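Engineer: Sequence first, predicted coordinates after that:
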Amino acid sequence: AQRVTQPEKLLSVFKGAPVELKCNYSYSGSPELFWYVQYSRQRLQLLLRHISRESIKGFTADLNKGETSFHLKKPFAQEEDSAMYYCALRGISGNTPLVFGKGTRLSVIA
Amino acid sequence: GAVVSQHPSRVICKSGTSVKIECRSLDFQATTMFWYRQFPKQSLMLMATSNEGSKATYEQGVEKDKFLINHASLTLSTLTVTSAHPEDSSFYICSARPTGGIRNEQFFGPGTRLTVL
């Protein structure tokens, strides 16, 4: 069975502090992992995907197959990073849909 | 960039009526669209995969006769909630994947908030 677990519902950090949003997954096979972000009153949008190995808005995420994790990190949080963050996975083959974790609300305090 | 629209953005209806929600890909074609449901402060739960020209694939526990999906063209999928009841009140979000897209990315609509009285 495929499952995405985000253990924290809410994460509050001070501006300038490091951020780590945790994501663990279970999947029988090789999944694609994603982080999506939803800012207040906006639609869900892609933040980054593991195969791109890129840094978006200062965020990075490394896929750790041994620990089945895909934690999202940023060294210095900004107020504009406050949002809901969803970890998601999808099978590589075919038209498989995204499966989402429950999300973590990040609140950056000035 | 790829844009997905939904109409209406908000709908309030009486119990027992049917409600149709449209999902359109505005600047790309989408053979496959997805319908999600989101309860307050909860995650997106996949309801069904909508395939152009064929029957939708429903997730376990989702009643296909309750949630009718029609994907009649490469830019439009509709979700009809039949005989709606208060427990159907939720936020419905569609997502579309560009046909032949290199990155296989899913783009999301803004969602439709359904309130059944």
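Structural biologist: Arrived safely, thanks for sending.
Engineer: so what's residue A:25 bridging to?
Structural biologist: Judged by DSSP bridges, the bridge partners of residue A:25 are residue A:4.
Engineer: Can you tell me which residues in chain A are near chain B?
Structural biologist: Proximity of chain A to chain B, by CB under 8 Å from any CB of the partner chain, involves residues A:42-46, A:49, A:86, A:95, A:97-103. Where you see a C-beta, it was placed from the backbone N, CA and C, and this is true even at glycine.
Engineer: redo that, cut-off 6 Å
Structural biologist: Residues of chain A lying near chain B by CB under 6 Å from any CB of the partner chain: A:43, A:44, A:95, A:97, A:98, A:100, A:102, A:103.
Engineer: okay but the third one is in contact with residue B:31, surely?
Structural biologist: No - Residue A:95 sits out of contact with residue B:31 when judged by CB atoms under 6 Å, with a separation of 7.7 Å.
Engineer: can you list the weak-confidence ranges in chain B?
Structural biologist: Along chain B, the parts satisfying pLDDT under 70 run over B:1, B:101-104.
Engineer: now residue A:30, nearest residue through space, not along the chain?
Structural biologist: Nearest non-adjacent residue to residue A:30, counting by CB to CB, 6 or more residues apart in numbering or on different chains: residue A:92, 5.6 Å away.
Engineer: Next, find the distance separating the one you found from residue A:84.
Structural biologist: 26 Å (CB to CB, to the nearest Å).
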